[in-house]
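1. take a look and give me a structure for this.
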Amino acid sequence: VISSEIWDQVKGLSDNFSALVENALIEYLRQKRVENAKRAFGSWVRDRKSVEIVEELRADESRKKVLNFDWY
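-> Sure, this is the predicted structure:
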């Protein structure tokens, strides 16, 4: 159920209500994924520092070839 106030505003913006709702849901889901990622950040248990992990990944020659990252 959508209030008449919101419905009037929506009708003034778009004739395609389904597309508007779909876009709104896509944005809502994107925001929820970002919120979840922010909450999870820092909660991983690691035995090494993040810098060490990144340096190891950067030094992995096979990874560079697969990703076509021969420039760094």
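2. and the strands in this protein?
-> Ranges of strands in the chain, per DSSP state E: none exist.
3. and the helices in it?
-> For the chain, applying DSSP state H gives helices covering 4-13, 17-40, 50-59, 61-67.
4. okay if I get those helices as JSON lines plus mean neighbour count?
-> C-beta: built from backbone N, CA, C; applies to glycine. Output for these, formatted as JSON lines (neighbours: other C-beta atoms under 10 Å):
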{"stretch": "helix 4-13", "mean neighbour count": "10"}
{"stretch": "helix 17-40", "mean neighbour count": "10"}
{"stretch": "helix 50-59", "mean neighbour count": "10"}
{"stretch": "helix 61-67", "mean neighbour count": "10"}
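5. in JSON lines, list those helices along with mean pLDDT.
-> Compiled in JSON lines, these are given as follows (pLDDT from 0 to 100):
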{"stretch": "helix 4-13", "mean pLDDT": "90"}
{"stretch": "helix 17-40", "mean pLDDT": "91"}
{"stretch": "helix 50-59", "mean pLDDT": "83"}
{"stretch": "helix 61-67", "mean pLDDT": "66"}
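6. can you give me phi and psi for Arg48?
-> As for Arg48, its main-chain torsions (degrees, to the nearest 10) stand at phi -130, psi 160.
7. tell me the contacts of it?
-> Arg48 makes contact with no residue, according to C-beta atoms under 8 Å, 6 or more residues apart in numbering.
8. please repeat the previous calculation with a cut-off of 10 Å.
-> 55-56 (C-beta atoms under 10 Å, 6 or more residues apart in numbering).
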